[in-house]
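**Q** Provided below for reference: sequence and predicted model.
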Amino acid sequence: MNSEDAFLTINEAIEIIEAALKPESLSNVQEDMFSKIWEGRTYEQIAEDLDYQPEYIKYVGFQLWRSLTNAFGEKVTKSNFRAVLRRYKQNVKIPEEDTRKTNLKSSNLQIPKHTNLSEFMDVSVFFGRVDELDVLSQWIVQDGCRLVALLGMGGIGKTSLAAKLAEQIQGEFEYLIWRSLRHAPPLLTALTDINEFIESEPETEIPATIDAQLSHLLHALRTHRCLLILDDWETILRDADIAGYYRQGYEYYGEFLKRVGQERHQSSLLLLSREKPIEIATLAGESLPVRVLQIKGLKSTYAKQLLVTKGFAGTENGLDELIQLYRGHPAALKIIATTIKDLFNGNVSEFMGQSSLIIGDIFANLLDQHFERLSNLEKAIMYWLAIARQPLSLAQLKANLGIGVSSSELLAVLESLGRRTLIEKEIASFDSTILFSLQPVVMKYVTSIFIEEIFQEIHEAIATNSVEKLRLLKSHALVQQESDKIQAEQVRLILTRIKERLYLVMGTKVMEVHLQNLLAQVRENISPVMGYAEHNLLLLLE
């Protein structure tokens with residue numbers, strides 16, 4: 001025992017903790033672990049003493065220190081808990097010994113005996129998602145869903161929501177396993193890792209083939225009640241192609257999902273992804289054991305709570321408009337909150353008065369990861385939606401894309417963009433037509449990418465003196481025949497910015513000569529393949 005504890009015994013320490021935690025109390029394993037920590041034992045030694053795995057003991061410790069931090073109102077850790085308890089002793093009425101023992105006897109172990117949480121995140125600061133937590137808990141605990149896909153764009157809060165859910169329902173499971181696929185492990189590697197953890201007999205030989213490993217895991221999922229959480233699923237899916245299909249060498253992950261979703265067992269797999277795997281689209285249904293929850297931004301109330309942690313009062317003018325503008329996206333709001341604090345001295349209204357929507361490098365990086373995965377036709381549709389500045393119908397998109405794209409192909413690509421959570425869908429009030437659009441932040445990002453691509457291809461066309469380098473300038477109109485308001489936005493936000501980029505590089509006179517030369521080449525080669533090229537070059541010369 002440390003000499004500092006001369007005025008505090010282990011029994012007093014536990015009584016103080018019980019008083020602070022009321023109406024909750026220490027679980028048996030938490031009390032046993034705390035007693036060992038009091039003796040100066042390490043987590044590894046405690047695990048050996050109590051016959052638990054070290055990762056499990058570390059997780060029990062993580063939950064204990066977090067609970068004590070909340071109870072005492074200050075940070076409590078393995079290194080400072082004695083000082084905190086001594087200070088607290090002076091101000092707390094210690095309950096009678098028999099009351100404490102009664103509480104301990106009635107408490108149940110709320111942590112699964114076997115946990116493997118190498119990727120588990122801290123959710124001590126968590127806002128909202130009450131409805132989503134209720135739905136997921138209902139599906140997994142009450143309805144016994146075998147497979148649940150939690151989908152949403154990068155930074156929307158999938159991982160924190162899953163971690164909060166696991167924290168709340170972990171007592172329902174014998175095994176809790178969390179893994180990230182961000183480094184794209186081969187399926188055999190992932191299965192071996194999971195099977196070796198679940199396998200209770202160390203001498204049992206784990207099968208060497210994927211099929212045998214799958215069967216072994218399904219047997220374990222039938223035998224034990226397991227919650228398996230797999231994050232970053234999109235990293236094993238193909239990019240530059242329709243969403244939901246697997247990279248070469250990772251196709252067996254699809255078979256893994258089919259078997260987990262279709263075969264009977266008592267466990268649940270929670271899959272986190274920015275894109276919906278094609279198997280989920282096939283297997284899922286509202287009353288089936290495979291279901292999908294696609295999450296969006298935080299509701300205004302909870303988004304304000306998030307902004308309070310960034311130094312706002314939560315009552316500033318313009319705060320509701322700011323949250324709506326960024327659709328309650330947690331990552332975007334955190335980034336923009338820093339910008340408002342640093343550049344606008346925390347004045348939300350002044351920031352909202354700016355004409356330009358700010359994205360920020362970190363959030364732009366998240367969108368880069370999404371955009372780089374798109375097929376060429378998906379990018380073409382995203383560009384048209386950004387140019388339009390308003391929702392477009394299926395017929396309008398088809399007309400913009402031209403005769404080279406069939407209706408079935410367009411529908412497949414729109415479904416793919418939906419699986420990537422990149423487009424929004426709404427029903428027109430006047431005729432019930434389905435309309436497609438982009439969130440304001442995504443529209444801003446796609447517009448910036450479009451402008452940069454147009455600039456680069458014109459620059460290359462001038463350098464090579466060849467209109468063959470023109471691609472988007474042929475396939476997309478910079479300004480469309482729309483209402484005056486929409487045209488004014490297209491001119492201000494797209495055409496003018498392209499002009500500015502071009503003229504800044506070469507100067508007005510030189511650039512006009514080059515554009516005239518490209519225009520002459522286009523006119524000499526009149527054919528459908530030139531598309532909007534002549535129209536766009538004339539606009540750039542105005």
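**A** On my side now, so go ahead. Residues are numbered from 1 along each chain as shown.

**Q** what about the closest residue to residue 294 other than its chain neighbours, how many neighbours?
**A** With sequence-adjacent residues excluded and distances taken as C-beta to C-beta, 6 or more residues apart in numbering, residue 294 is closest to residue 151, at 4.5 Å. (C-beta placed from N, C-alpha, C; glycine too.) Counted by other C-beta atoms under 10 Å, the residues lying close to residue 151 total 23.

**Q** so what's residue 151 up against?
**A** Contacts for residue 151 (C-beta atoms under 8 Å, 6 or more residues apart in numbering) come out as 158, 272-276, 292-295, 419, 421.

**Q** From the residues you listed, which land in strands?
**A** The strands in this structure, assigned by DSSP state E, contain 272-273, 292-294 from the contacts of residue 151.

**Q** which among the contacts of residue 151 end up buried?
**A** Among those, those classed as buried by 16 or more other C-beta atoms under 10 Å are 158, 272-276, 292-293, 295, 419, 421.

**Q** Looking at these, which is nearest residue 348?
**A** residue 295 (25.1 Å; C-beta to C-beta).

**Q** For residue 160, see how far away the closest one is.
**A** Counting by C-beta to C-beta, to the nearest Å, the separation of residue 295 from residue 160 is 11 Å.

**Q** try residue 83
**A** In this structure, residue 83 and residue 160 are separated by 31 Å, where distance is defined by C-beta to C-beta.

**Q** do the same with residue 224
**A** Distance from residue 224 to residue 160, by C-beta to C-beta: 27 Å.

**Q** Verify the assumption that residue 436 is located in a strand.
**A** Yes - secondary structure assignment (DSSP: H, G, I helix; E, B strand; the rest coil) places residue 436 inside a strand.

**Q** check contacts around it.
**A** Counting by C-beta under 8 Å, 6+ apart, residue 436 touches 385, 391-394, 397, 414, 423-425.

**Q** out of the residues you listed, which are buried?
**A** 385, 391-392, 397, 414, 423-424.

**Q** Could you tell me which of those belong to strands?
**A** 392, 424.

**Q** Is residue 449 in contact with residue 372, as I believe?
**A** No - with contacts counted by C-beta atoms under 8 Å, residue 449 stays clear of residue 372, the gap being 10.3 Å.

**Q** Lowest mean pLDDT among the helices and strands of this protein, which one is it?
**A** The element with the least model confidence among the helices and strands of the chain, by mean pLDDT, DSSP states H and E, is helix 97-106, at a mean of 31.

**Q** SS state for the residue lying closest to residue 476 once chain neighbours are set aside?
**A** When the adjacent residues along the chain are set aside, residue 476 lies closest to residue 383, with 5.4 Å between them (C-beta to C-beta, 6+ apart). Under the three-state scheme (three-state DSSP), the conformation of residue 383 reads as helix.

**Q** so what's residue 383 up against?
**A** Applying C-beta under 8 Å, 6+ apart, the residues contacting residue 383 are 446, 450, 472, 476.

**Q** wait, is residue 482 part of a helix?
**A** No - per three-state DSSP, residue 482 lies outside any helix segment and is coil.

**Q** What is the neighbour count of it?
**A** By the other C-beta under 10 Å criterion, the neighbourhood of residue 482 contains 16 residues.

**Q** give me phi/psi at it?
**A** With angles defined as degrees, to the nearest 10, residue 482 sits at phi -120, psi -170.

**Q** Which parts of this structure belong to which domain?
**A** Per the record, the chain has its domains at 3-106, 114-294, 300-356, 374-438, 442-541, by automatic domain parsing.

**Q** Can you check which of those domains gets nearest to residue 364?
**A** Minimum separation from residue 364 across the domains of the chain (C-beta to C-beta) falls at domain 442-541, 6.4 Å.

**Q** Straight-line length of that closest one, end to end?
**A** Domain 442-541 has its terminal residues 29 Å apart, counting by C-alpha to C-alpha, to the nearest Å.

**Q** What's the mean pLDDT across that domain?
**A** The predicted model gives domain 442-541 an average pLDDT of 90.

**Q** Check which helices and strands the helix or strand hosting residue 408 is in contact with.
**A** Per DSSP states H and E: residue 408 is located in helix 407-419. For helix 407-419, the helices and strands in contact under the criterion 3 or more C-beta pairs under 8 Å, 6 or more residues apart in numbering; DSSP states H and E are helix 376-388, helix 394-401.

**Q** Appreciated, that's everything.
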